[in-house]
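Student: Predicted structure and sequence below. I'll ask about it afterward.
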Amino acid sequence: MAEILVLGAGMVGIGAALALQARGHAVTVVDRRGPGEETSFGNAGVLQAEAMEPYAMPRDLPTLLRYALGRSNDVVWSLRDLPGIAPALLAYFRASAPERHARISKTYAQLITRVLSDHGSLIEAAGADNLVRRTGLGEIYRTARAFDAAYARAEKKATRYSLRLRALDSTELAPEEPAIAGEMAGALIWGDSWSCSDPGGLVTSYAQLFQNRGGRLLQGDAQTLERAGTGWRVDTCTGPVDAQHAVIALGPWSGPLLSRFGYRVRMLLMRGYHTHVSNTPELSRPYLDAEHGYVMSSMRDGLRLTTGAEFVRQDRPQSRRQLDRALRAAGELLAADMSAEGKLWHGHRPFRPDMLPLVGPAPRHKGLWFDFGHGHHGFTLGPTTGELLAAQLEGDTPPAAQSLLAAACL
Ligand SMILES: Cc1cc2nc3c(=O)[nH]c(=O)nc-3n(C[C@H](O)[C@H](O)[C@H](O)COP(=O)(O)OP(=O)(O)OC[C@H]3O[C@@H](n4cnc5c(N)ncnc54)[C@H](O)[C@@H]3O)c2cc1C
């Protein structure tokens, strides 16, 4: 049994803490806030069992032009911040070349294949079933051209990975989703995916499970992490805590901490927003409104609209441009009044240009471990990468962890 510090109490940190604890280690999680209050709070809440391939950067000229000209709502960017992110964008562009993307997808699929079973056992043990819907994920296409192209791609993916896929036109969708009244060409329904009506609440219930099983959750600043003898020390509200191992699971904040230890971690922080609209009809599952670049999902606090990626520096003020477009588009689709809007939230997807999270030992510091960079799918992947990390900490490197380990050797 080892003493282990996990820095960060998002889905990734709590997932790692539970996996390490299950192997008999004494685990202390440290966060400056409560569990699941940052990126793991604000996401679309989809446990994306269909996401066998990570999102590649489109490489065709028409799409790149649409992005460049600001005509797309799924990706927007700011000219003044472009120079700072250009090297990471270029690396992402290169990694998105078909052959490389296919190789990366092999690793990704090995992770995604097990996410439902990793979440499933935690949901059951945490008694969190009331937060989870097992009704799939929908994609809505307004135009026949976009629908036909998406269906062709989706069918290939469904066959390759044995995923459940249905293609419905609006009359076929209507009985199962009466709230969707606007015009559309068709919808794709990925039957395997699950979703959550309170993403922060799911992390909190996992954190409660961790504490019920004897784990410690303390408030503290990860920036105080330092070497202490052969181990690690961090300051917490109850004083310094020492441990043999420290796991960095700080999501978008992992890079700045690691720069203190000489690691230059390349990450693209893709900003996303959400807001909730009350008095809207309930949806049975989340939907991506594909040509308008947002996801809508019924949550505890109302209908949550989450936006695509905004490429801006982490400290830039909020902008409403993507969300306003999403609100207009959702209003059309649901034929609903979208004016009863709640607070505007934003956070950053901690995305690595090679599309894989960093999970494994820090190459130059004994007892220091990485578990971050989960990009678009950290809510889905947290428990799974936690299992891989826990296996590696005990000297076992499962096949799915090999590439993540290689990536960790910066
Ligand atoms: C708009 C949007 C929609 C998304 N939708 C989905 C989705 O549907 N499905 C999906 O799988 N993923 C989704 N994602 C991605 C997912 O939310 C992230 O990948 C995931 O939440 C990352 O989890 P994390 O634990 O690494 O980071 P976080 O949840 O951000 O946790 C990091 C923790 O570190 C703590 N911390 C930071 N600095 C310090 C410090 N100095 N000291 C102590 N603690 C510190 C923070 O307080 C925080 O609790 C979405 C993301 C966005 C932005």
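Tutor: Perfect, thanks for sending it.
Student: Could you use CA atoms for every contact and neighbour count after this?
Tutor: Fine.
Student: Could you identify the longest strand within this structure?
Tutor: Secondary structure of the chain per DSSP state E: the longest strand is strand 268-277.
Student: What parts of the stretch 101-250 of the chain come near the ligand?
Tutor: By the rule CA under 6 Å from any ligand atom, the part of the stretch 101-250 of the chain lying against the ligand is Gly220, Asp221, Ala222, Gln223, Ala249, Leu250.
Student: Enumerate the residues of the stretch 301-410 of the chain near the ligand.
Tutor: Looking at the ligand, the residues of the stretch 301-410 of the chain close enough under CA under 6 Å from any ligand atom are 306-307, 347-349, 372, 374-380.
Student: Tell me how far the residue of the stretch 51-200 of the chain found nearest the ligand lies from Gly293.
Tutor: Residue nearest to the ligand within the stretch 51-200 of the chain (CA to the nearest ligand atom): Ser195, separated by 7.8 Å. Between Ser195 and Gly293 the computed distance is 19 Å (CA to CA, to the nearest Å).
Student: Which one's more surrounded, these two?
Tutor: Neighbour count, other CA atoms under 10 Å: between Ser195 and Gly293, Ser195 has more, with 25 against 20.
Student: Would you list the strands that the helix or strand Arg166 falls within pairs with, along with their directions?
Tutor: Using DSSP states H and E, Arg166 falls within strand 165-168. As defined by DSSP bridges, the strand partners of strand 165-168 come to strand 186-190 (antiparallel).
Student: and the very next helix or strand once past the strand it pairs with, how far from the chain's centre?
Tutor: Sequence order places strand 194-196 as the next helix or strand after strand 186-190, per DSSP H and E. Relative to its chain's centre, strand 194-196 lies at 13 Å (CA atoms, centre = their mean, to the nearest Å).
Student: So which residues make contact with strand 194-196?
Tutor: Residues from elsewhere that reach strand 194-196 (CA atoms under 8 Å, 6 or more residues apart in numbering): 45-49, 131-137, 202, 285-286, 299.
Student: Which ones among those map onto helices?
Tutor: Leu202 (DSSP state H).
Student: How about the contacts made by Leu82?
Tutor: Applying CA under 8 Å, 6+ apart, the residues contacting Leu82 are Phe311, Val312.
Student: and it, what pLDDT?
Tutor: Looking at Leu82, its pLDDT reads 86.
Student: quick one: the helices in the stretch 51-200 of the chain?
Tutor: Applying DSSP state H, counting those that start in this stretch to the stretch 51-200 of the chain gives helices spanning 61-68, 82-95, 98-112, 115-126, 144-161, 170-173, 199-212.
Student: mean confidence for whichever strand or helix holds Ala330?
Tutor: Using DSSP H and E, Ala330 sits in helix 321-334. Taken as a whole, helix 321-334 has an average pLDDT of 95.
Student: what do you get for stretch 277-289?
Tutor: On average, stretch 277-289 scores 95.
Student: With stretch 98-110 instead?
Tutor: 96.
Student: Tell me how many other residues surround the residue nearest to Ile123 when sequence neighbours are not counted.
Tutor: In this structure, Ile123 finds its nearest non-sequential neighbour in Asp129, 5.9 Å apart by CA to CA, 6 or more residues apart in numbering. Using other CA under 10 Å, Asp129 has 15 other residues around it.
Student: Ala150 too?
Tutor: Count around Ala150 with other CA under 10 Å applied: 17.
Student: Ok, Gly84 next?
Tutor: Applying other CA under 10 Å, I find that Gly84 has 11 neighbouring residues.
Student: contacting residues for it?
Tutor: Neighbours of Gly84 in contact, by CA under 8 Å, 6+ apart: none.
Student: same question, the one 4 residues further on
Tutor: Taking CA under 8 Å, 6+ apart as the criterion, Ala88 is in contact with Arg266, Met267, Leu268, Pro353.
Student: Might one say that the first one is in contact with Met355?
Tutor: No: using CA atoms under 8 Å, Arg266 makes no contact with Met355, being 11.2 Å away.
Student: higher neighbour count, those two?
Tutor: Shown here are Arg266 and Met355; by other CA under 10 Å, Met355 has more neighbours (23 against 18).
Student: quick one: Ser162 and Thr113, what's the gap?
Tutor: 10 Å.
Student: and what of Arg300?
Tutor: 28 Å.
Student: just Ser72 next, same as before
Tutor: When Ser72 is compared with Thr113 (using CA to CA), they lie 31 Å apart.
Student: Sketch out the low-pLDDT regions of the chain for me.
Tutor: 402-403, 405-410 (pLDDT under 70).
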